[in-house]
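J.: One predicted model, sequence on top.
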Amino acid sequence: MITNLLVANRGEIALRVLRTCADAGIGTVAVFSDPDADAPHVAAADAAVRLPGATPAETYLRADAVVDAALRAGADAVHPGYGFLSESAGFARAVLDAGLTWVGPPPRAIATMGSKITSKRLVAEAGVPVLAEMEPGQITERELPVLVKASAGGGGRGMRVVRDLADLPSAVDGARAEAGAAFGDATVFCERWVEAGRHLEVQILADEHGTVWALGERECSIQRRHQKVLEESPSPLVDDALRARLCAAAVAAAR
């Protein structure tokens, strides 16, 4: 059982985890950079450890410093929240190597899902419907429009919609440059652009015993520059039959 959990994050993200731990009777440890010394999440935790420095790169993004903080504070588990190191397979491995419980997906799953190309192939093998990956150099006029997409990262970075074949080379170059600068990985691929597509996400939970729960969908189609502005749950588009299909696909992907 987890008795003392370090939250490797700050702000509202950390506060949500801290409130849940308080309700469950679990002790909590916060970490903070120098500018965040008086932040609400520091006061809300049972204990707090300073990460010397001001910038995220010096503090919240330093896996070694966060793991050291957990060990010094006597924590037996680490929750990453989201953002920062939450999608770092290396950080997850470092937590486990230190003998701590990692509250999150296994490192191998994080590494696999960090690549859209790899994850698309993996979930397709599990029977999850996906748009086919397309090689930029093999796309013909008949297959337009297409979406050029960065394999790594997210947040709408490294994406270009192409409707004219003559624009494809420059779109690929632009997406590669943006992806390389944002994520340190310039790998891109293409897939069919769905003109009337909706962006739906299914929230899932899983435990270490192989149980996976789907908690329902949220509508994320209201976007600007491929970045979500508003999320609504449940989606007004989804009926019970579609919800069952979406949740089944999400559970299959997670498993």
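T.: Ah, there it is.
J.: just the strands in the protein please.
T.: Here the chain has its strands, by DSSP state E, at 4-7, 27-32, 47-50, 77-79, 101-102, 146-150, 159-162, 188-192, 200-206, 212-224, 227-232.
J.: out of these, nearest to Arg62?
T.: For the strands of the chain, the distance to Arg62 is smallest for strand 27-32, at 10.0 Å, taking Cβ to Cβ. Every C-beta, even on glycine, is put in place using the N, C-alpha and C of the backbone.
J.: Tell me which residues are up against the closest one.
T.: Identification of contacts with strand 27-32 by Cβ atoms under 8 Å, 6 or more residues apart in numbering yields 3-8, 10, 14, 17-18, 21-22, 39, 41-42, 44-51, 59-60, 66, 69-70, 73, 75.
J.: Quick one, which of the residues you listed are buried?
T.: Using 16 or more other Cβ atoms under 10 Å as the burial test, these include 4-8, 10, 14, 17-18, 21, 39, 41-42, 44-45, 47-51, 59-60, 66, 69-70, 73, 75 as buried.
J.: I'd like to know which of the strands of the chain is closest to Met113.
T.: Per Cβ to Cβ, nearest to Met113 of the strands of the chain: strand 200-206, 11.9 Å.
J.: and Asp36, what does it touch?
T.: By Cβ under 8 Å, 6+ apart, the neighbours of Asp36 are Arg10, Val42.
J.: From here on, call the first residue 11.
T.: Sure, I'll start counting at 11 from here, so that last one is Asp46.
J.: Let me know the pLDDT of it.
T.: With respect to pLDDT, Asp46 has a value of 97.
J.: gap between the spatially most central residue of the chain and Ala206?
T.: Centroid-nearest residue in the chain, with Cα atoms, centre = their mean: Glu97, separated by 5.7 Å. Noted for Glu97: a distance of 30 Å to Ala206, by Cβ to Cβ, to the nearest Å.
J.: burial count for the closest residue to Ala187 other than its chain neighbours?
T.: Spatially, and ignoring its direct neighbours in sequence, Ala187 is nearest to Ala196 (7.2 Å; Cβ to Cβ, 6 or more residues apart in numbering). By the criterion of other Cβ atoms under 10 Å, Ala196 has 18 neighbours.
J.: okay but Ala196 is in contact with Gly190, surely?
T.: Yes: contact criterion Cβ atoms under 8 Å: Ala196 and Gly190 qualify, at 3.6 Å.
J.: ok, now which ones touch the residue nearest to Ala187?
T.: Taking Cβ under 8 Å, 6+ apart, one finds Arg186, Ala187, Ala189, Gly190 in contact with Ala196.
J.: so what pLDDT did it get?
T.: The score at Ala196 is 91. That number is its pLDDT.
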